[in-house]
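Peer 1: can you look at this prediction? I've put the sequence above it.
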Amino acid sequence: HDDRVAQPAYAFGTGSAYGALVYSRTATILETLRRVYGDKVMQRTMGAYARRFRFQHPVPRDLIETFQREMGNEAGEVLRDALFDKGWIDFKIEAMSSNVVRAPAGLFDVGWSNFKLKVIYCPTNPIIGLPTAAFGLAIFKK
């Protein structure tokens with residue numbers, strides 16, 4: 001992670017570094033933008049990119065310009081920094097608040113005797129064979 005994502009494949013020191021940065025870090029970057037801007041905006045942005053550049057050979061600048069056009073300049077700048085700068089993007093919390101909830105607010109505030117719980121752990125992504133450290137939680141009514 002001390003290297004740029006947007007560089008030629010031969011510039012990476014190892015195949016592992018290439019895979020970790022190009023696939024894993026790019027997925028993390030896009031997932032972060034999706035969580036910040038929302039599913040609808042991300043779907044619209046990726047759809048616009050796919051339609052515009054299908055059957056072509058887009059470069060990183062094309063992706064960044066699409067994000068700027070669809071999500072705004074700030075999103076484009078975050079994407080540019082994440083792809084071309086070394087290191088990490090560090091977000092900070094500027095404000096935080098909470099509300100006291102007195103009445104039961106959901107499933108976890110009711111009796112558990114009517115439910116069974118299943119925890120699922122997937123140590124490796126079965127499609128690409130990379131570690132995902134993914135946990136799933138399934139709650140079923142008896």
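Peer 2: The structure has been received and is ready for your questions.

Peer 1: which residue ranges of this structure form helices?
Peer 2: With DSSP state H as the criterion, the chain has helices at 15-19, 26-37, 39-53, 60-71, 73-84.

Peer 1: would you list these in a markdown table and tack on distance to Ser98, mean pLDDT and mean neighbour count?
Peer 2: Bear in mind the C-beta positions are built from the backbone N, C-alpha and C, glycine included. Formatted as a markdown table, the helices of the chain follow (distance: least, CB to CB, whole Å; pLDDT from 0 to 100; neighbours: other CB atoms under 10 Å):
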| stretch | distance to Ser98 | mean pLDDT | mean neighbour count |
| --- | --- | --- | --- |
| helix 15-19 | 40 | 88 | 13 |
| helix 26-37 | 20 | 91 | 15 |
| helix 39-53 | 25 | 96 | 14 |
| helix 60-71 | 29 | 96 | 18 |
| helix 73-84 | 27 | 92 | 17 |
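
Peer 1: those helices: which one's closest to Asp3?
Peer 2: Closest approach to Asp3 among the helices of the chain (CB to CB): helix 15-19, 6.5 Å.

Peer 1: please tell me how far Leu21 sits from Phe67.
Peer 2: 19 Å (CB to CB, to the nearest Å).

Peer 1: scratch that, Thr28
Peer 2: Thr28 is 15 Å from Phe67, by CB to CB.

Peer 1: same check on Asp81?
Peer 2: 12 Å.

Peer 1: cool, Lys40 as well?
Peer 2: 15 Å.

Peer 1: which residues touch Arg4?
Peer 2: Leu21, Leu83, Phe84, Asp85, Lys86 (CB atoms under 8 Å, 6 or more residues apart in numbering).

Peer 1: which of these sits closest to Ala48?
Peer 2: Leu83 (18.0 Å).
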